[in-house]
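Undergrad: Here is my input; please provide its structure:
(one chain, ligands or ions: 3)
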Amino acid sequence: MQQVAVLGATGSIGLNTLDVIARHPETYQVFALSAHSNLTLLAKLAEQFRPRQLVVTDTSLDIRDFSQQIASIDTSIGIFQGPEALVDVASASDVDTVMAAIVGAAGLASSLAAAESGKKLLLANKESLVVAGELLMQAVRHSGATLLPIDSEHNAIFQCLPVDYSAGGIEQAGIAKILLTGSGGPFREWPIEELVKVTPEQACAHPNWDMGKKISVDSATMMNKGLEVIEACHLFGITTSQLEVVLHPQSIIHSMVSYVDGSVIAQLGQPDMRTPIAYGLSWPKRIDAGVEPLDFRQIAQLTFDTPDEQRYPCLKLAIEAFEAGGSAAAVLNAANEEAVSAFLANQIGFTQIAEVNEMALNSLENQFGLDIDGLIQQDLRAREFARSRIERIKQ
Ligand SMILES: NC(=O)C1=CN([C@@H]2O[C@H](COP(=O)(O)OP(=O)(O)OC[C@H]3O[C@@H](n4cnc5c(N)ncnc54)[C@H](OP(=O)(O)O)[C@@H]3O)[C@@H](O)[C@H]2O)C=CC1
Ligand SMILES: CC(=O)[C@@H](O)[C@H](O)COP(=O)(O)O
Ligand SMILES: [Mn+2]
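TA: Residues are numbered from 1 along each chain as shown. Ligands and ions are numbered 1, 2, ... in the order given. The predicted structure follows:
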């Protein structure tokens, strides 16, 4: 029986993970669940999955009523509050597998703790790799942890790579290029001058995927693809020149690997995160994920294009940040989290997300060789800077 900790259980990835786990009660047991502030849903999940531990990360909440409610379900469920408890759960000796499904850099410490303690780490939280990719990959190598990408494109690439890929890297594996697909989001065909009018509701309505708000906005700006370029470079040990972003509006091909002999291997499937989640849970085997197979006659057309730099300035910013190295990607990620949150709160416009991000990237000094505390400090400075710009925009 695999003991699984689902961090970010109340979110889109968390709930999809629990859906897959519920289909295989003989193989997976939920050891712990975490939420930030959604206590109602966390209590419901606790009743259904009967974990050993619950974590509530928001320290401003009074959890006395919640604790009583949980005790009425099962007095042996431990309840912990605060972000440090995530680190304890991620490294607990009873836990085999950690699903890292918290949104944003708030997921970094627990992803790192799971990597350092040699767990099977199912990584949906791409921001961990964006902020501290080198340190996270180093921790995986040192501890012997198993890192399985859950982000649909990276999971697809992982499925298309040769089994012994990590031994010699991209050239020895005969790989010419990794082709990272992206839908282009809901505004792919809008006149560019109309983008200033985009509302949070429109930006969160992804054409193919049902996801949390932050990643949905990132998909609309294509910052998501930019973060995914950085994620892929760290995961697969490649440079940005060994990867190409291909627009694919249908989100049926989840990414491809192009080989030197002319072969291109692609992974296809419904736009349903239960497929990569199930593959992560069961790897190297496969299990039922509750996902219908593709009906190619109904799909009829798969189309491809090149992303337009003018429409998607955030994509270029992310690639530049990764190429600059040092703390640039951490700065960009932090500024973007603040800018997206301000956009969702109707404080800035859609196109101002890229403006705030660019200002942060250009204004903060790039620092090299930082340890995890240094990166977190840079993240905090970038947030402060972004918030000051957002305040000016609001006036
Ligand atoms: N959704 C998807 O299909 C995909 C998501 N991903 C990645 O997976 C991660 C999760 O995305 P998604 O599920 O969409 O996000 P959601 O917004 O749906 O869920 C986020 C989860 O994180 C918790 N959370 C929010 N803020 C904090 C915090 N400060 N500290 C600790 N926990 C927090 C939330 O708790 P609460 O509910 O209580 O607020 C919730 O459980 C992201 O990194 C995203 O990029 C990658 C590929 C696809
Ligand atoms: C499901 C998933 O992995 C998302 O990251 C998805 O890729 C978002 O769609 P975009 O291709 O529009 O960014
Ligand atoms: Mn993705």
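Undergrad: Excluding its own residues, what touches stretch 206-221? List them.
TA: The contact list for stretch 206-221 (C-beta atoms under 8 Å, 6 or more residues apart in numbering) reads 11-13, 103-104, 182-183, 185-187, 198, 200, 203-205, 224-225, 227, 249-251, 271, 273, 312-314, 336-337, 340-341, 343-344, 350, 353-354. No exception for glycine: its C-beta is placed from N, CA and C like everyone else's.
Undergrad: Which of the helices and strands in the protein ranks last by mean pLDDT?
TA: Scoring the helices and strands of the chain by mean pLDDT, DSSP states H and E places helix 165-172 at the bottom, with a mean of 84.
Undergrad: which of the residues in the helix or strand containing His254 are buried?
TA: Applying DSSP states H and E as the criterion places His254 in strand 253-259. Residues of strand 253-259 classed as buried by neighbour count (16 or more other C-beta atoms under 10 Å): 253-258.
Undergrad: Including distance to ligand 3 and pLDDT, could the residues you listed go into TSV?
TA: Listed next are the buried residues of strand 253-259 as TSV, based on distance: C-beta to the ion, whole Å; pLDDT from 0 to 100:
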residue	distance to ligand 3	pLDDT
Ile253	13	98
His254	8	99
Ser255	9	99
Met256	14	98
Val257	16	98
Ser258	19	98
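Undergrad: Derive a PyMOL selection command for the buried subset of the contacts of stretch 206-221.
TA: Here is the PyMOL command that selects the buried residues among the contacts of stretch 206-221 (16+ other C-beta under 10 Å):
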select buried, resi 11+12+13+103+104+182+183+185+186+187+198+200+203+204+224+225+227+249+250+251+271+273+312+313+314+336+337+340+341+343+344+350+353+354
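Undergrad: Quick check: strands, which of the contacts of stretch 206-221 are part of them?
TA: Gly182 (DSSP state E).
Undergrad: What about ligand 2: which of the contacts of stretch 206-221 touch it?
TA: With C-beta under 6 Å from any ligand atom as the criterion, those include 182-183, 185, 224-225, 273 near ligand 2.
Undergrad: pLDDT and distance to Thr239 for these - can I get that in a markdown table?
TA: Formatted as a markdown table, those follow (pLDDT from 0 to 100; distance: C-beta to C-beta, whole Å):
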| residue | pLDDT | distance to Thr239 |
| --- | --- | --- |
| Gly182 | 98 | 19 |
| Ser183 | 98 | 25 |
| Gly185 | 98 | 26 |
| Asn224 | 99 | 20 |
| Lys225 | 99 | 17 |
| Met273 | 99 | 28 |
